[in-house]
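Colleague: What shape does this take:
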Amino acid sequence: MGRSVALAYVLWFFLGSLGIHRMYCGRIGSGVTMLAMTLIGGLTFPIMIGHVLLFIVGIWWLLDLFLTAGMAQY
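Modeller: Purely as a prediction, here's the structure:
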């Protein structure tokens, strides 16, 4: 039985940069990676490293707009 696509998109919209939608869809590893990148990026933002990490997470979050429905159906 698949997960709720609607709930996956709600999680994507509100908690997407934390990877919660990926964890909900069963992609624990990539969800934890996204969470770690967001946390480390936020902590290192003042020394410019965080800019790169948060940019990558932002692009990843946008790509997940198209991938979340497929992830939720498995």
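
Colleague: mind listing the helices for the chain?
Modeller: In the chain, the helices defined using DSSP state H lie at 5-15, 20-24, 28-43, 49-72.

Colleague: now those helices in JSON lines, with mean neighbour count and mean pLDDT?
Modeller: In this view, the C-beta of every residue, glycine as well, is placed from N, C-alpha and C. Converted to JSON lines, the helices of the chain look like this (neighbours: other Cβ atoms under 10 Å; pLDDT from 0 to 100):
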{"stretch": "helix 5-15", "mean neighbour count": "16", "mean pLDDT": "96"}
{"stretch": "helix 20-24", "mean neighbour count": "22", "mean pLDDT": "96"}
{"stretch": "helix 28-43", "mean neighbour count": "16", "mean pLDDT": "97"}
{"stretch": "helix 49-72", "mean neighbour count": "15", "mean pLDDT": "95"}
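
Colleague: residues in contact with the residue nearest to the spatial centre of the chain?
Modeller: The residue lying closest to the centre of the chain (Cα atoms, centre = their mean) is residue 19, at 3.0 Å. Taking Cβ atoms under 8 Å, 6 or more residues apart in numbering, we find residue 19 in contact with 30-35, 38.

Colleague: how far away is residue 6 from residue 12?
Modeller: 11 Å (Cβ to Cβ, to the nearest Å).

Colleague: go on, residue 53?
Modeller: Distance of residue 53 to residue 12, given as Cβ to Cβ: 19 Å.

Colleague: what's the answer for residue 51, then?
Modeller: Residue 51 is 23 Å from residue 12, by Cβ to Cβ.

Colleague: Just list the residues touching residue 50, thanks.
Modeller: Counting by Cβ under 8 Å, 6+ apart, the residues that residue 50 touches are 40-44.

Colleague: Great, nothing more from me.
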